[in-house]
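Trainee: sequence and predicted model, in that order:
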Amino acid sequence: MTADFARKPVLTGTAVQLRPFRPEDLPDITAAIDDPEVQRLTGSAHRPPIDAGAIARWYTTRNEQTDRLDLAVADLASGRCVGEVVLNEWDEPNLSCSFRTLIGPAGRGRGLGTEALRLLLAHAFDGLGLHRVQLEVYAFNPRARHVYEKVGFVAEGVRREALRDGDGWVDSTVMAVLAGDWARHRGRPEAAAN
């Protein structure tokens with residue numbers, strides 16, 4: 001089976017909608033990328049600033065990609081883009097993808113990221129037929145790790161001192177959710193355990 005990444009779905013929950021990027025999303029996604037907390041938590045704080053032209057070129061080509069899925073996270077209350085969810089690094093023989101996300105300040109603390117992740121995982125396993133979705137999370141981002149565990153990601157190992165953070169080093173934890181896990185708990189492992 002080959003996953004169809006060329007099709008860019010619209011996935012709607014109760015608080016968020018995952019959808020292809022639109023030109024009007026550029027100011028909001030640029031603001032999210034420029035947020036110092038987003039830069040630190042995604043391990044991008046040490047990189048040189050990205051100019052607005054490069055961001056525009058990147059996001060205006062996301063809908064054309066056939067080997068990955070980049071979707072805007074739109075807050076249904078405001079209609080504005082508050083971040084993104086991405087399935088990338090497609091490993092076709094193993095039906096596996098990596099996952100990454102960023103949620104800017106306008107989308108934090110309201111459960112939008114949790115719902116966005118459940119919507120994307122449902123599409124990954126039920127719509128694309130993936131077997132495995134994996135990610136890495138830095139040790140200084142316990143809020144993200146909590147969300148990942150909440151929707152069923154399981155820690156598999158630690159990449160020691162994977163990121164330079166100022167004068168120190170930070171570990172990265174590799175986490176994954178498998179199709180069998182998803183079939184059992186549908187993104188709610190605590191409820192399935194009871």
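Mentor: Great, that's in hand. Numbers count the residues shown, from 1 in each chain.
Trainee: mean confidence for the helix ranked longest in the chain?
Mentor: For the chain, the helix with the greatest residue count under DSSP state H is helix 112-122. For helix 112-122, mean pLDDT rounds to 97.
Trainee: okay, buried residues for that helix please.
Mentor: By neighbour count on 16 or more other CB atoms under 10 Å, the buried set for helix 112-122 is 112, 113, 114, 115, 116, 117, 118, 119, 120, 121. All C-beta atoms are positioned from the backbone trio N, CA, C, and that covers glycine.
Trainee: cool, and stretch 103-113?
Mentor: 103, 104, 106, 107, 108, 112, 113.
Trainee: which stretches of the chain form helices?
Mentor: 26-34, 36-41, 52-59, 112-122, 142-150, 179-185, 189-193.
Trainee: return the second one as CSV; C-alpha atoms alone will do.
Mentor: Coordinates of the C-alpha atoms in helix 36-41 are reproduced here as CSV (Å, rounded to 0.1, in the frame of the first residue of the first chain):
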residue,chain,number,x,y,z
PRO,A,36,11.0,32.7,21.0
GLU,A,37,9.3,29.8,22.9
VAL,A,38,8.5,28.0,19.6
GLN,A,39,12.1,28.4,18.5
ARG,A,40,13.5,27.1,21.7
LEU,A,41,11.2,24.1,22.1
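Trainee: for residue 97, name its beta-bridge partners.
Mentor: Assessed by DSSP bridges, residue 97 has beta-bridge partners residue 133.
Trainee: same thing with residue 81?
Mentor: According to DSSP bridges, the partner residues bridging residue 81 are residue 74.
Trainee: fine by me, thanks again.
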